[in-house]
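Asks: need a structure here:
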Amino acid sequence: MSVTRSIDAVFVESFAGGSHEAFAEGWLARSRHRWRRLGLPAERWKWRLRAGALALAPRLGALDPPPRAVVATSLVDLAHLRALSGLDRRRRPPAFLLYMHENQLTYPRPPGEPLDRSFAGAHLASWLAADALAWNSRSHRDAALAATRDYLEQIPPPRPRGLLRRLRASRILPPGVDLGVFPAPASRPVGSPPVIAWNHRWDGDKRPGAFARVLLRLADKGLDFRLVLLGPVVQVEIAALALIRERLGDRILRDGPARSRREYAAWLGRADIAVSTAGQENFGYAAVEAMAAGAVPLFPRRLSYPELLTPSLRDALLYGTDRELAARLGRWLARPALFAGLRRRVMLCARRHDWARRAAALDRWVGQEAS
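Replies: Have a look, this model is predicted:
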């Protein structure tokens, strides 16, 4: 395998927080390239997408020496960043690359809220302005492709040309996950009773109501389990979480985010099963972390979840409907031997997503496009 030659590059992020910041820190800390970073704090994301590039472009254009490559992410309006930086007027302009964490054409909106066409237009312009485009999962790229095809039909002629072809030709480059605090893959006994983990945001796109309904159905059937609830609350009040606390409070071992990543890994390590009911997921950081901690997952057979698992694990760990989730989880709680033997295989599967393996592929992408 050829070694990626180190180049000078700039990483631009208009929303430096959460999974966006974890991606930047994880990759750049392990990269062969020489990076400078430009960013804005993670607040008011709508304004970051609309106006962040207007503030960042002059800073990018003033860098001396100029970079060989510029990598921006999906909350950066790359078309404005590129045009206003002035770098294309240099004798040797850099390659402009765009990495898509999410896109606003397919991101779930509150009921009755229409698509913001300014967001859609920003993404379409960014895709056309990029010299190279990459996505965090194939399912994300394919969903964006289908949504873009539909959106283009709404635009009166003349329509942008070559956009769908560009999307089809774009790269799939999953991010890495920092797994340094998680234990080496190993088997261990299932708790008595088994412990179920939820480490996703308490937000509508993760469908916490479905999770609550499944738990209450199983509790009403007399099945015993404990809960580790590690997800952050992003709304003032989440009815599903309130219901779980009211009806199943005596089963909750942990309620709320951990104070450190090490504590987070320790609590996940007490879980036997990890559940997702998400209606929106473009990669799945929380899912990989739960697997790395040894929690055997029950994930939806949709979105990016099949891509997180090896083919030999998909039939055992993916479900189709909420009813199927309840039935599978009920069998596992009644007979832990059905899933106990999968723990080490799941932990090994999670290691495929460690940054130690993922950073090199992203480095090669940048190096190839900047050559």
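
Asks: Please make it C-alpha for all contacts and neighbour counts, starting now.
Replies: Will do.

Asks: What does the residue lying farthest from the centre of the chain show for phi and psi?
Replies: In the chain, counting by CA atoms, centre = their mean, R91 sits farthest out from the average C-alpha position, at 37.1 Å. Main-chain dihedrals, R91, degrees, to the nearest 10: phi -60, psi -40.

Asks: any idea how far it lies from V190?
Replies: 63 Å (CA to CA, to the nearest Å).

Asks: Nearest the middle, which residue of this structure would you pick?
Replies: Note: the chain centre (CA atoms, centre = their mean) maps to F283, 3.7 Å.

Asks: Look up the closest residue to that one, ignoring the ones flanking it.
Replies: S304 (5.5 Å; CA to CA, 6 or more residues apart in numbering).

Asks: now swap in W45 and tell me
Replies: F15 (6.7 Å).

Asks: hang on, isn't the one you found packed against R48?
Replies: Yes. Contact criterion CA atoms under 8 Å: F15 and R48 qualify, at 6.6 Å.

Asks: Those two: which has the busier surroundings?
Replies: F15 (25 against 21; other CA atoms under 10 Å).

Asks: Quick one, grab the pLDDT at that one.
Replies: The predicted local confidence for F15 comes out at a pLDDT of 95.

Asks: now the one 3 residues further on
Replies: According to the predicted model, the pLDDT of G18 comes to 87.

Asks: same thing with P110?
Replies: 81.

Asks: Could you do V236 as well?
Replies: 60.

Asks: Is P158 part of a helix or strand, or is it coil?
Replies: Following DSSP: H, G, I helix; E, B strand; the rest coil, we place P158 in the coil state.

Asks: What count of nearby residues applies to it?
Replies: 6.

Asks: Equivalent analysis for the one 4 residues further on, please.
Replies: G162 is surrounded by 9 other residues when neighbours are defined as other CA under 10 Å.

Asks: the strands in this protein, which residues?
Replies: 8-16, 34-41, 69-73, 95-100, 132-135, 171-172, 195-198, 226-229, 252-255, 273-275, 296-300, 318-319 (DSSP state E).

Asks: Dump the ones you listed to TSV, plus distance to H123.
Replies: Output for these, formatted as TSV (distance: least, CA to CA, whole Å):
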stretch	distance to H123
strand 8-16	14
strand 34-41	19
strand 69-73	11
strand 95-100	10
strand 132-135	12
strand 171-172	16
strand 195-198	32
strand 226-229	35
strand 252-255	37
strand 273-275	32
strand 296-300	28
strand 318-319	32
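
Asks: Let me know which of these is the nearest to A340.
Replies: Proximity to A340 (CA to CA) singles out strand 296-300 among these, at 8.0 Å.

Asks: Figure out how far the closest one is from the centre of its chain.
Replies: Its chain's C-alpha centre and that of strand 296-300 lie 16 Å apart, by CA atoms, centre = their mean, to the nearest Å.

Asks: other SSEs contacting that strand?
Replies: strand 273-275, helix 285-293, helix 311-317, strand 318-319 (3 or more CA pairs under 8 Å, 6 or more residues apart in numbering; DSSP states H and E).

Asks: Compute the inter-axis angle for it and helix 285-293.
Replies: 150 degrees (axes from the mean of the first three to the mean of the last three CA atoms, to 10 degrees).

Asks: Output strand 296-300 as PDB, restricted to C-alpha atoms.
Replies: Only the C-alpha atoms of strand 296-300 are listed here, as PDB (Å, rounded to 0.1, in the frame of the first residue of the first chain):
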ATOM      1  CA  VAL A 296     -25.100  -6.500  22.100                       C
ATOM      2  CA  PRO A 297     -27.200  -4.300  19.800                       C
ATOM      3  CA  LEU A 298     -30.700  -4.500  18.500                       C
ATOM      4  CA  PHE A 299     -30.700  -1.900  15.700                       C
ATOM      5  CA  PRO A 300     -33.200  -1.100  12.900                       C
END
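
Asks: Start from the N-terminal end of the stretch 201-350 of the chain and give the helices.
Replies: 208-220, 239-248, 261-268, 285-293, 305-308, 311-317, 322-334, 337-340, 343-351 (DSSP state H, counting those that start in this stretch).

Asks: pLDDT below threshold where in the protein?
Replies: Within the chain, the segments meeting pLDDT under 70 span 1-4, 235-237.

Asks: Now with 90, please.
Replies: The model of the chain has pLDDT under 90 over residues 1-5, 18, 91, 107-113, 234-238, 371.

Asks: Which residue is the nearest non-sequential neighbour of A326?
Replies: V214 is the one closest to A326 (CA to CA, 6+ apart), at 5.5 Å.

Asks: Please name the residues that touch that neighbour.
Replies: D322, L325, A326 (CA atoms under 8 Å, 6 or more residues apart in numbering).

Asks: Kindly recompute the last result at 10 Å.
Replies: P208, D220, T277, D322, R323, L325, A326, A327, L329, G330 (CA atoms under 10 Å, 6 or more residues apart in numbering).

Asks: and those, which are buried?
Replies: P208, T277, L325, A326, L329, G330 (16 or more other CA atoms under 10 Å).

Asks: out of the helices of the stretch 201-350 of the chain, nearest to F23?
Replies: helix 285-293 (10.0 Å).

Asks: from the middle of its chain, how far away would that closest one be?
Replies: With CA atoms, centre = their mean, you get 12 Å for helix 285-293.

Asks: tell me the angle that helix makes with helix 261-268.
Replies: 70 degrees.

Asks: buried sites along helix 285-293?
Replies: Result for helix 285-293 [16+ other CA under 10 Å]: buried residues Y285, A286, A287, V288, E289, A290, M291, A292, A293.
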